[in-house]
Every structure is written in C-alpha cells, then in structure tokens.
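S.K.: Have a look at this prediction, sequence included:
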Amino acid sequence: MREPTIKSIPYEEFTDNEYLEKMVADLNEKGTNVIVSNLDAFINWGRSNSLWSLTFGTSCCAIEFMALGAARYDMARFGFEVTRNSPRQADMIMVLGTITHKMAPVLKRLYDQMAEPKYVIAIGGCTISGGPFRSSYHVVMGIDEIIPVDVFVPGCPPRPEAFYYGMMQLQRKIKLENFFGTVNRKEKEPEEDKE
Amino acid sequence: MSMKDLILKIAPSATFEEQGDFVAVVSKEEFRSLMEKLHADYDYLRDVVGFDLVESLGALYYLESSTTFERVAVKTSTLDRENPLLPSVCDLWKTAEIKEREVYDLLGIRFIGNPDMRRIFLREDWVGYPLRKDYDMDSNPLNMTNEQNADTTTEVTLTAGGDFKEVQNQIFGKDDFVVNFGPQHPSTHGVLRMRVHLDGEEVKKVDPICGYIHRGIEKMCESLTYPQTLALTDRMDYLSANQNRHAVCLCVEQAMGLEISERAQYIRTIVDELQRLNSHLLFFSCLVLDMGGLTPFFYGFRDREMILDILEDTTGGRLIQNYYVIGGVQADLHPDFQKKVKAFIVHFRGILHEYHEIFTGNVIARNRLIGIGKLTREQTIALGCTGGTGRASGWANDVRKHHPYALYNKVEFKEILHTEGDCYARYMVRMEEMLESMHIIEQLIDNIPEGECKVKTKPIIKVPEGIYSASVEASRGEFGVFLVSDGGKNPARLHFRSTGLPLVHALDTACAGSKIADFIAIGATLDYVIPDIDR
C-alpha cells in the first residue's frame, strides 16, 4: 500500500488526509501489477520532488513567490526552484494573483498548451473566489470556473510557509497516483479523432 | 492678478467651486482656449479624472507648474449622454493621449482630436462603460474567446464647417513586423502586454495593451464606505502599499478636517520610508534579474526580508499590511521597533557597497545601462513621468519636497536629481534615494513622541460635499487620490492617479531607436507595477 509521506512533516499533522485516504482506498480496490506499481512509486518519487512550475504571477502573490525563491525561504530545498516561462516545459501552473476577464482566455490557452500530467495550484483569495474583488465587473470568481484546480492556498497574500504547505499537499497527491495509464492520459481524446 | 481673475479673463462664464479643492468650472466651448493659455505656465498635467454625476458627464484636469509647483484644477462637462464629446488636450500635454483613452474606456466620453480612441483596459468587444452610474453589472459575462486586436482606430475631428468627422488611423501598417510581448512574460513585471514594431533588432514603435489585471477598483469604491476602500488601495501598487493608503487617509482627513496626533505622523513617515526602501530593494533585485544576473537578487531580498520583519512585528502583515486607518494607524509600534530599525540602518549602510561592487561597477551592466533609453526633462514633464524617472532627467518633482505632508517639512533631506535621463541615471537615483530614506528615518526614530496613535472617529465616516484631492510621493512617483463626494458615506467618485500609467506610455518614446534587448532594461528601470496601472 502506498503512503503519501513527506520527509519532515508527520502524516498526522496534515489536514485533508481523508481525501488522500479515499485515493488510497480507490487504488487498492482496483489493484495493479506488482512491477508496474513499484515502477510507479519510483517515478512518482522523482516527479513529486522535481516539480517545475510555470510562473503565472499577475499581482501581489507573485512578489511573495519571489521571496520564496530567495535565500531565506529557499524553495530549492524542495525541488521547486526551477521555474519555467514556457508552458511546454512545465509540470504545473501556479496561478499567483487575480485573474480578470481579459486574462481568462490567456490562462486557459496556457493551460491547454501544457503537457500531461499537469497540475494547478491556485494561490491567494483572488484565484479561489475573487477575494477582495468579488463584487467587481472584471474579475473571475475563482479560477476553477476555467481550469481544474488541484490545491488551493488561501491568504491575501499567503505567507511563504503556506505556499510550502500547499506544494507539499500536491507532492502527496502525486505520490498516490498511477503514472502508467491514468494520470499521463487524463485528458479525453477529441471526438473527431475517434473512429 | 489672482488665479480667479486670470481664468475669468480667458473664460468669462467660468464659475468656481471652493468646497475642498479650488476648481474652475468652464463650459466645453471655452475649455480649449483656457487650456491653451494655462499650458504656458502649467506644463505638467497631473491627471484627468472622468466622472459621471448622472446629470452630466465630464472630466477634471489637474495641472501643476514644474517650476513654481502651483496647482490648479479645471472641470468641464457635457450633458449629452448618447454621444458625449469633449475637446482633447493631447497636443498640449502628451500624457493626455493615454489618460483620455482611460476616460473613454470607462465612461464613453470621446475626445475630439485624440488620434487614438481605442479601449485601454477592457476588451475591444466589451459592451457599455462601467464607470457610468447606469451601467448594468451583469451585462458582460465571462467571455472565453480569444481577443482580437484591431490595427486601426477611429479619431473624431472637427471640420472647418464645425461638423464632426470620423477618421480612421492606422496603428500598425500591413508591412510592419510586429512582435507580441506578454502578457505572460517574466520581464514585464506582471501582466503587461506590448505589441512591438521591429525593424531588424531595432524598436520602431511600442503599443502597450493594458487591462490584464484591471480589477475595477474605482467602480467598487463607489459602493464601499471610506474605511473599506482602504483595503483595496493596498493591493494596487503593493510595493507602495503604505504610501497609497497614506494618500487616501490624507484626502479623507483633510476633507473631514481631522487632525491626527503627532505620534501617528511620526509613525506614518517612518513606515513610508521603510516601504520605499523595501520597494527600491525589490527594484534592484528585479532589474538585475531581468538583465540576467541572479546573485544580486539574493542580496536585495536578504535585506528586504529584514524590513519585512520589522513591519511584520508592528502590523502583522508581510507584503500587505493594512496599517494606516483614517485618523491614525491601526496599532501602536512594537516595543522592539526602534531598536530593530536602528540595527537595520547600521547593517544596511555597512553592506550597500556590496551592491555597487557586484552590479554598479560591472562592465556589462554599465554597457547596458549608460546612454540607453534617454528621456529629456521636457519629455518627462510632457509625459507626466514622476518619481525617479523624472528626477533622473532633471525634473524636480518630489511631492515630499514641494507639497510636504506628514513630517516631511520638518526633516532635512536631499532631492536626488540627475540630468542624463538614461537607464543608468534612473538606477542611480533609486540607489541614492535609499540613503536619503535612511537619513530621514534616523532623524525621526529617536524622537517619536508619546501619545495616542489613533484619533477616535465616528463609527460612520462621512465626507462633506465637494471635490478633494491629496497626493504623496509613492515609491515610483506621485500617487494621487481624487475624490468627488456627495456628502454620503460612500464616495461618488474616487480616482487614483496611477504612478505607472505615464511610465508605460513613455516606453514608446524611450525605446525609439533602441535594440529589442535594451527594451527590457528600459522597462525595468522605469520601474512600473502593473496592478497600479490597471487598477
């Protein structure tokens, strides 16, 4: 049985464990080949420790993300330090800041350009629900209206520690996935390609 | 001759509003000739504030002289809501080109003679004008189709016979080689998008497309109470969060006639300067990062974290602190505040030479900054480029010096002026300003008087009817707040002078003839923050 362990923080200290336990139960029920599942675990270990993010900093949260990259919070410790500016090279997209109506099609296009498996982290109140700009005419009320989100990190802006907590939650999720056959083929093929 | 007589001589039917700011109200027929006369003395157009007061649509023009620093405001309006037209002043003040586009985008007022009347923030297929009082908030649902940008724009001109004629203007020709830049590009400091016309490597024209982070703050403020609006100003230019908030507090306090305690004044001045240090350190880090150096980025952030720690002790926030309130500051200083600030200044003075050793003297940095992206003094004034950008070209425009607020008339500091106007001068102005900021803090930190840090205000804050304004020197220029109050508990119109919008507008002038790689250095030294431009 796979366990979503993180080196420095014990399992019990995370919240939202029920969600991962459901994933584990689901995995056990379906069952899988011993060799494939061991290979999966190995690949996932690598994947979860070298997450390359597409930086999508639109406002305040992006400055806190820069602080994450500097020496004090040093995200290189966790393998997140490689940020990519091209969606083709990124594993996940970190949405840092308000998404407006004008920006929404651009975000969706960037997300579509990323290769599978891909993940989304929504950072800050604006990306979760519109945040302080909820009553505005030009702000998207949460990016889950546009793209599927894996982890939400609340705050305005969140502290760097909260960024790490969110990133670790994503690492734990990745550790439980079946790489072969499922997550790398998540997106349904377009209708016209099928005979 | 007083200002009033002078205006009456040119525009005999002018009236004056004296509740709050001194505003000359002129009809749109007399407006143009008055502005032509005023332009001779008042060569800096601070801002154009469009407004909708239900019975009329119009605009307020705030002018200032770059030599005597005198200010004057002119208001003009039109009753036609279907097809509102006002005369343009963009041939007198170049900065009006982009400010009038903003008024057109949000209020639908077209300016006769402005060559570029496209929307600036909203999509080109947007329906309606959001700042109008009768705008339907649900009229534009989320549109997920990709936006197409037109290459032409319509100009309204006046024919000799007095009729209006629409003329099509080309922005980019068919044979122009146009490269798209952004909105998701790491060196545009956020989500600015530019269309750049290139000839080989040479930049011919830059057309900025803003609005990718337009959050409709000014419209939201109209339905919020005054203390609530404070939360939004922090999130505009997050690197001058406290200074922005200072301006709003000043404006409301002046309008209400509220005196704040001396202790609060001291705290505000010190925190403003800490914020400026914080912002300039980030400027240094980002400039170097954009130009391809990583190590100085760590230097800048190392020292910036110390300032954030000091502010966090007192305010509880790292980046956005929500510290100032109308009537003072939210909470008193942390007991260690003075000790830590003094320790920081000693540390930073001792370590600043590292910055110069690694970057300022570096031959690559010097080659890429010196002589690049020149702006003359006249250009910065015409474009309204305040702050470090203007001062690097020799325009003395420090609000702290010429229109002192808080304690800036009691402290001694130098206004840093350079004359070269290139990227290197803009960089050096900010590096030298950090020393001045520390000098200001040193004069105040030991003398903070005892007392209350907050004056008690009524639970519901109301501002008497009138037009009010206040401005502060934010980290990257003059930040202004323009308030039209109808006497209620929400503002009828609250406008913020963006420090960055004129800077983005200046890109076209500054980049002309430069190489595409210099474009990054020019953008970085102009030092704009996008959410402040788009609001």
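M.R.: That came through, no problem.
S.K.: Show me what counts as buried in stretch B:72-81.
M.R.: Within stretch B:72-81, the residues that qualify as buried are B:72-78, counting by 16 or more other CB atoms under 10 Å in any protein chain shown. Every C-beta, even on glycine, is put in place using the N, C-alpha and C of the backbone.
S.K.: so residue B:220, which of the three states?
M.R.: Of the three states, residue B:220 takes helix according to DSSP: H, G, I helix; E, B strand; the rest coil.
S.K.: Correct me if wrong: it contacts residue A:134.
M.R.: No. Using CB atoms under 8 Å, residue B:220 makes no contact with residue A:134, being 9.2 Å away.
S.K.: And the two? Which one has more around it.
M.R.: Between residue B:220 and residue A:134, counted using other CB atoms under 10 Å in any protein chain shown, residue B:220 has the larger neighbour count: 21 against 13.
S.K.: What distance do you get for that one to chain A?
M.R.: Computed with CB to the nearest CB, to the nearest Å, the distance linking residue B:220 and chain A is 6 Å.
S.K.: after whichever strand or helix holds residue B:472, next one along is what?
M.R.: Per DSSP states H and E, residue B:472 falls inside strand B:466-474. Once the chain leaves strand B:466-474, the next helix or strand it forms, by DSSP H and E, is strand B:477-485.
S.K.: avg pLDDT for that following strand?
M.R.: Averaged across strand B:477-485, pLDDT comes to 89.
S.K.: For it, C-alpha coordinates in CSV please.
M.R.: Taking Å, rounded to 0.1, in the frame of the first residue of the first chain, the C-alpha atoms of strand B:477-485 are listed here in CSV:
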residue,chain,number,x,y,z
GLY,B,477,6.2,58.6,-8.4
GLU,B,478,3.3,60.8,-7.5
PHE,B,479,0.4,58.9,-6.3
GLY,B,480,-2.8,61.0,-6.1
VAL,B,481,-6.3,60.5,-4.8
PHE,B,482,-9.1,62.5,-6.3
LEU,B,483,-12.4,62.3,-4.5
VAL,B,484,-15.8,63.7,-5.5
SER,B,485,-18.1,63.5,-2.5
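S.K.: who does it touch, helix- and strand-wise?
M.R.: Contacts defined by 3 or more CB pairs under 8 Å, 6 or more residues apart in numbering or on different chains; DSSP states H and E place strand B:477-485 against strand B:44-52, strand B:57-64, helix B:241-256, helix B:387-392, strand B:466-474, strand B:493-497.
S.K.: show me what contacts whichever residue of chain A sits closest to chain B?
M.R.: Ranked by CB to the nearest CB, the top residue of chain A for proximity to chain B is residue A:70, at 3.3 Å. The contact partners of residue A:70, by CB atoms under 8 Å, 6 or more residues apart in numbering or on different chains, come to B:297-298, B:301-302, B:305.
S.K.: out of these, which are buried?
M.R.: Neighbour counting by 16+ other CB under 10 Å classes B:297, B:301-302, B:305 among the contacts of residue A:70 as buried.
S.K.: one step back: which of the helices and strands packed on strand B:477-485 sits closest to residue B:343?
M.R.: Distance to residue B:343, taken as CB to CB, is lowest for helix B:241-256 among the helices and strands packed on strand B:477-485, at 20.8 Å.
S.K.: Give the other helices and strands that that closest one contacts.
M.R.: Here helix B:241-256 touches helix B:226-233, helix B:262-290, strand B:324-325, strand B:466-474, strand B:477-485, going by 3+ CB pairs under 8 Å, 6+ apart.
S.K.: what's the angle between the second one and strand B:466-474?
M.R.: Following axes from the mean of the first three to the mean of the last three CA atoms, to 10 degrees, one obtains 60 degrees for the angle between helix B:262-290 and strand B:466-474.
S.K.: helices or strands up against helix B:262-290?
M.R.: By 3+ CB pairs under 8 Å, 6+ apart, helix B:262-290 packs against helix A:60-69, helix B:241-256, helix B:295-315, strand B:328-329, helix B:337-355, helix B:423-445, helix B:516-526.
S.K.: Show me how far stretch B:211-221 is from its chain's centre.
M.R.: A distance of 15 Å separates the C-alpha centroid of stretch B:211-221 from that of its chain, computed with CA atoms, centre = their mean, to the nearest Å.
S.K.: give me every residue that touches residue A:58.
M.R.: Contacts for residue A:58 (CB under 8 Å, 6+ apart) come out as A:95-99, A:103, B:190-191, B:212-213, B:530-531.
S.K.: Leaving out sequence neighbours, find the closest residue to it.
M.R.: Leaving aside its chain neighbours, residue A:58 sits nearest to residue A:97 (3.5 Å; criterion: CB to CB, 6 or more residues apart in numbering or on different chains).
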